[in-house]
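Okay, sequence plus prediction incoming.
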Amino acid sequence: MSQNNMGKLIAAAGLGALYAAFAMLGSVITAVTGVPAVSGGMIISVLGGMVLSFCCLSIGLFGYASFAGLIYGILALSFPAMGPPGFLPKVLIGLAGGFVADLCWILLRRWRLAGSLIAGGASQGVIGGLIIVMGLIFRIPGIEKAVKMKWLAVGGGFVLGAIGGFLAFIVFQNLKNTKVIQRLNS
């Protein structure tokens with residue numbers, strides 16, 4: 001493996017860890033406020049869409065956002081984001097969100113803003129939907145409340161993830177001439 005590819009993997013892993021840190025922040029906010037979807041879930045959707053879109057923008061190759069989502073899913077096992085702690089399908093949910101971001105980015109990479117918006121939105125919409133589906137399959141206690149808000153989880157996740165994708169585009173535009181981003185994009 002070349003040194004450049006190793007740097008890209010390290011950057012994707014770092015972004016996945018950043019996503020997990022943001023999700024931990026959202027979990028703390030949820031625990032403090034007691035309102036699960038409205039407070040912490042919104043923050044996680046915006047920042048998650050931002051991280052996955054920024055991964056697509058800065059690295060630009062297929063598979064790295066999937067890797068970041070996988071790292072996020074593994075790190076999220078220990079705290080109550082995307083389900084209860086220890087819920088193993090979190091790994092698949094994180095991987096699927098990253099894969100959707102990668103797929104949208106590959107299809108729309110000529111139009112960076114549109115690609116970033118759709119990658120962030122679609123990834124968070126898929127994650128919102130998969131949390132509900134996996135919760136129903138594995139009968140997570142309290143999933144009935146989330147099922148009643150399934151359209152809010154998917155649609156709201158898409159809108160908030162697209163906002164995160166827009167924020168990622170703005171950050172990328174400000175950082176694209178730095179040596180680090182140029183090295184990741186080469």
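The structure has been received and is ready for your questions.

check contacts around the most centrally placed residue in the chain.
Centroid-nearest residue in the chain: G48, 3.6 Å away (criterion: C-alpha atoms, centre = their mean). Residues near G48 by C-beta atoms under 8 Å, 6 or more residues apart in numbering: 19, 22-23, 72, 97, 120, 123-124, 127, 161, 164. Any C-beta I mention is one placed from the backbone N, CA and C, and that applies to glycine too.

mind running it again at 7 Å?
19, 22, 124, 161, 164 (C-beta atoms under 7 Å, 6 or more residues apart in numbering).

Now name the helix or strand holding the second one.
Element membership of F22, judged by DSSP states H and E, is helix 3-33.

Check which helices and strands that helix is in contact with.
Counting contacts by 3 or more C-beta pairs under 7 Å, 6 or more residues apart in numbering; DSSP states H and E, helix 3-33 is packed against helix 41-59, helix 64-75, helix 179-185.

Render the CA-only coordinates of the helix or strand bottoming out on mean pLDDT in the chain in PDB, please.
Within the chain, no helix or strand scores below helix 143-148, which has a mean of 82 by mean pLDDT, DSSP states H and E. What follows is helix 143-148, C-alpha atoms only, in PDB (Å, rounded to 0.1, in the frame of the first residue of the first chain):
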ATOM      1  CA  ILE A 143     -38.700   1.500  19.100                       C
ATOM      2  CA  GLU A 144     -42.500   2.000  18.800                       C
ATOM      3  CA  LYS A 145     -42.000   5.700  19.400                       C
ATOM      4  CA  ALA A 146     -39.500   5.900  16.600                       C
ATOM      5  CA  VAL A 147     -41.800   3.900  14.200                       C
ATOM      6  CA  LYS A 148     -44.500   6.600  14.700                       C
END
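
Can you identify the element that follows it toward the C-terminus?
By DSSP H and E, the next helix or strand past helix 143-148 is helix 150-151.

Give me the contact list for that following helix.
Residues contacting helix 150-151 (C-beta under 7 Å, 6+ apart): I132.

Swap in 10 Å and give it another go.
Helix 150-151 is contacted from outside by 128-129, 131-133, 136, using C-beta atoms under 10 Å, 6 or more residues apart in numbering.
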